[in-house]
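A.B. asks: everything below, folded, please.
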Amino acid sequence: MQKFLSFLIIISILVISNVSLCSIHIIVDTRNREVPNYEESLKDLVDEFEERLQLKKSRNDTVKVVLTYSREEFNQVVGNGIPDWGAGVANPVNNTVYLLLTESTRSVATLELTIHEIAHIMLHKALGDIHIPRWFDEGYAQWASGESFFEKSHDLALANLLGNNVPLRDLEPVNSFDKYRANLAYAESRAAFEYLIERIDSKDVSILINQIAKAKSFEQGFYNTFGMTLDEFYSVWSEERVSRYNWYILFADWRIWFIFIAVFFIIVGTIKIIKHRKKKSQEDIVEEV
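C.D. replies: Below is the predicted model:
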């Protein structure tokens, strides 16, 4: 009897695990082109991606990835309205991702872009028709795909220094931004999302997403999780961003050091030239005397 009960417990655990885990199936439409190692490399990242996704599903999900190979072909597939800097579009309605291959399919950037767009789809599937602010949508997708934040932190620090930062509430029309401003918008989104994760004790994003889904409102779910309205958060974040991303972060960037070193050698070289000319001038005066 005890063995039978143990068997039932094991079976129950397996069933519960099978229900709670998210399994994403990816179908790649190469549009009759050979794309070496893309599908294999993408599948290798799925397990890691699902761990970061933190969205529990009771069924399997299938996402179709359509590859295009030129800007004309990409625009023909996704339609107008995509900026020149855009290379990926997620359509949660039909669970399809459209990609413009600007780099090798083996590159980290291409794989991260694919996962980024899949993350958009999974987030929208989890929240249904609830409106998701663009900054949260983009911040989540960057975080879930594991994209590096090193470069973006420097962009934010420089923007804060120059006063060029893009407030969260102004990010909705990001597709109308030029590439420079769009990069700042994405950096702002990622940084704000990282800050939100820190405010969740368990660092579990699904807590916030479940609250939003339960409230059927992003604003209400946000308030239920953090105890503040979106407007209050925007004010808090504007101050937090400045304190977190200051000019000293720029010194971690090798390009800044390169500029400083170049300027240093220019100054030292200029001083030496001035001293040499001054000494030469004095020697000429002595010879004339």
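A.B. asks: from here on, just use CA atoms for contacts and neighbour counts.
C.D. replies: Will do.
A.B. asks: got a list of what Phe226 touches?
C.D. replies: Contact partners of Phe226, counting by Cα atoms under 8 Å, 6 or more residues apart in numbering, are Arg199.
A.B. asks: and with 10 Å instead?
C.D. replies: Leu196, Arg199, Ile200, Leu208, Phe233 (Cα atoms under 10 Å, 6 or more residues apart in numbering).
A.B. asks: got it, and Val236?
C.D. replies: Per Cα under 10 Å, 6+ apart, neighbours of Val236: Met228, Leu230.
A.B. asks: and the strand or helix carrying Ile266, what's its mean pLDDT?
C.D. replies: Per DSSP states H and E, Ile266 falls inside helix 254-288. For helix 254-288, mean pLDDT is 64.
A.B. asks: what does stretch 96-113 give?
C.D. replies: pLDDT averaged over stretch 96-113 gives 86.
A.B. asks: got the end-to-end distance for it?
C.D. replies: This stretch, stretch 96-113, spans 14 Å end to end (Cα to Cα, to the nearest Å).
A.B. asks: roughly how far out does that stretch sit from the chain middle?
C.D. replies: Relative to the centre of its chain, stretch 96-113 is centred 14 Å away, using Cα atoms, centre = their mean, to the nearest Å.
A.B. asks: buried residues, it. List them.
C.D. replies: Thr96, Val97, Tyr98, Leu99, Leu100, Leu101, Thr105, Arg106, Thr110, Leu111, Glu112, Leu113 (16 or more other Cα atoms under 10 Å).
A.B. asks: distance to Asp44 and secondary structure for those - can I get that in CSV?
C.D. replies: Shown next, in CSV, are the buried residues of stretch 96-113 (distance: Cα to Cα, whole Å; DSSP: H, G, I helix; E, B strand; the rest coil):
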residue, distance to Asp44, secondary structure
Thr96, 20, strand
Val97, 18, strand
Tyr98, 20, strand
Leu99, 19, strand
Leu100, 21, strand
Leu101, 19, coil
Thr105, 14, coil
Arg106, 12, coil
Thr110, 14, helix
Leu111, 10, helix
Glu112, 12, helix
Leu113, 15, helix
